[in-house]
Structures are given as structure tokens and as C-alpha cells.
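J.: Got a sequence here, can you build the structure:
(chains A, B, C and D)
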There are 2 protein chains.
Amino acid sequence: MAPNTADQIIDETIRNSGLRVTRQRRAIYRVLSDAEDHPDAPEVHKRAQASDLKVSLATTYRTLAELADKGVVTRLTLEGEPTRFETSDAPHHDHIIDLESGEVVEFLSPEIEELQRQVARQHGYEIVFHRLQLYCRKKT
Amino acid sequence: MAPNTADQIIDETIRNSGLRVTRQRRAIYRVLSDAEDHPDAPEVHKRAQASDLKVSLATTYRTLAELADKGVVTRLTLEGEPTRFETSDAPHHDHIIDLESGEVVEFLSPEIEELQRQVARQHGYEIVFHRLQLYCRKKT
DNA sequence: TTAACTGCAAAGGGTTTGCAAGACG
DNA sequence: CGTCTTGCAAACCCTTTGCAGTTAA
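T.: Coordinates of the predicted model:
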């Protein structure tokens, strides 16, 4: 029977990735699940603290790295700032970064994705993953 | 009268960016000028040493940062590795990263560029700069 | 001459790791 | 219970910085 509550889904996600389910990992993954934005590791740590449990910063880094390696979480590496994280459950998307506010907007462009595949193919490659970031300012 | 030797062009480039021309900066910029690949700062330092002159690592970092801020040099920020550098004199291009060998291949796609502009516009933005990286493996 | 630049060595910031104690399965 | 995980603190790596001496213009 399929899991039905958010918590069950979280546990399942962690377990399916081959890791033991611990309170710390649950708390960390939930932070990303709930996040509207794209927090970095210290920020995830801070939010995880806000729950009942005490999670160390080391465990936060370790867990984020593990989950990212398992593909359950995605690293967002921006120019000149610490790595941010997001869950991988949303469909694939890329990012617009507002240079003034730092806000990050997600977008999806199947046309660009297709052209990327073509470009890669022309060079004898196939894409494993890609990063597309548009550093923008609000149009006047 | 326009500069005619490679060395004169290098000096001109540095001077035009508003910086004094020093032997260190000349050596550092020349390393990037000559590079076929995309070296990081310690590698640029190592190559600059290979010339006559002794350049410190601190100066290498400082110079690369200055030249990047002036737009003469471009930072290449890849996933999980130190920042690499390239001169900005080549026309704009994006990068394919070979995950096996670490090799970086440059490519150009006006179609993708145009689609990017459209996407940004749809979200009320205009692009200041962008990064597109295709992490690939050789097609079998 | 004098403001800009360099080298050195020490500091910094983000991230990782060794180890002993604790918890999941 | 055995193994995986955690917390702590120390270590790490890449990069930046303060300062005294040097150099381009």
C-alpha cells in the first residue's frame, strides 16, 4: 500500500535511497520539502533546529551530500555563493537569478532542453545533467 | 597605430582595463591567452612561474579577480571544483564538460540564446549574463 | 615622486573528517 | 547486537587580506 502522509513519503524517500531513516535526516529532508526558496547548508541547519530536534551542522552537510549523491536532492551551485539545495521531486527545471534581490525563479523550457541534447549529440556526447542559469534584472 | 605583436596586445588589454601593466599581470594574462584549456588559479600560477618571473599565488588570485571584474577574463564556475578562468576575447560560448576526462569543450548556439531571452522576457526579466553547462559522457 | 602593486604569512569562510558515543534495523 | 549515524572539534582547502617593501607612470 502506498504511503499516504507527507511524513511517510519522507521516510520512504530516505529509505529508498539506501540510507537509514533517522530523526536528523527526516528533519533535514523535511526542511527542503517545505522550503519555498533554495537554502544553503547553514540555512537548512538553522531551520532543522527550529523543529524539536538538535541537528549538528556536520550532520546537515553530511546528509545533504548523501542525499545529493543519491539524487534525492539537487545542488544549486551559483556564482560566488555557497551551494544551495532543493529536493529533486519537482520536475526538472532551470533557474533565473534576480541580481538585485537574489531571488531565484524556476522555469522550464522543453525547447531549450531539446536544443541542448542536439548540441551535445553534435559533439559526440550525451547529457548526464546540465545547469542553465540566467542572471537577470527586472525589465524596465 | 594599432598594436601588432601579441605582447603589445596583452599590454594594451591590461592598460585599457584601467590597471597598471606589471610583469606579473603580463605573465598571468599571457598564460590565459596561451591556454588551450581552462585552468584554475593555482594552475595559472604554476604556468606563470614557468616563465622567467616569480609570481606569488596571492598576486595570481588578485590579478585574476581584477581582470574578471574588469571583464577581460571570465570565471568558469563548475560543479564541485575550484573556479577556472578563460580570456573574454573569444566570442560568447557555453561549455560541455566531459564527466570522465574533465575536458571542457566550448560550443555556441544562437537558437538557445534566443530562447533564453524569450524565457527571461516572459518572466519580466532581461538577461545580464548566463551560464549553460552540459555535463556529458561520450556517446556510445 | 607617489599611488599602485607585490610578496609573505597569517586569517577567513565554507565544508569535510576522525573518533568515541549513540541509535536504527 | 552489529553496523550505520551522530556530534564535537580539529582539520582542510581554496581564497582573501594586512602590512611593509617595491615599482610603474
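
J.: Which secondary structure state does A:Asp69 sit in?
T.: helix (DSSP: H, G, I helix; E, B strand; the rest coil).

J.: center of chain A, which residue is that?
T.: Taking Cα atoms, centre = their mean as the criterion, A:Glu86 is the residue nearest the geometric centre of chain A, at 1.9 Å.

J.: Run the chain-centre distance for the strand or helix carrying A:Glu111.
T.: Assigned by DSSP states H and E, A:Glu111 belongs to helix A:110-122. Taking Cα atoms, centre = their mean, to the nearest Å, one finds helix A:110-122 lying 23 Å from the centre of the chain it belongs to.

J.: Against which helices or strands is it packed?
T.: Packed against helix A:110-122 by the contact rule (3 or more Cβ pairs under 8 Å, 6 or more residues apart in numbering or on different chains; DSSP states H and E) you find strand A:125-138, helix B:110-122, strand B:125-138. To be clear about C-beta, it is placed using only N, CA and C from the backbone, and glycine gets the same treatment.

J.: what's the closest of these to B:Arg47?
T.: Comparing these against B:Arg47 with Cβ to Cβ, the closest turns out to be strand B:125-138 (23.9 Å).

J.: Could you list the buried residues of that closest one?
T.: B:Tyr125, B:Ile127, B:His130, B:Arg131, B:Leu132, B:Gln133, B:Leu134, B:Tyr135, B:Cys136 (16 or more other Cβ atoms under 10 Å in any protein chain shown).

J.: try stretch A:53-65
T.: For stretch A:53-65, by 16+ other Cβ under 10 Å, it's A:Val55, A:Thr59, A:Thr60, A:Tyr61, A:Thr63, A:Leu64.

J.: near chain B, from the residues you listed?
T.: Of the residues in the buried residues of stretch A:53-65, proximity to chain B by Cβ under 8 Å from any Cβ of the partner chain holds for none.

J.: Now intersect the residues you listed with the helices, please.
T.: Counting by DSSP state H, those place A:Thr59, A:Thr60, A:Tyr61, A:Thr63, A:Leu64 in helices.
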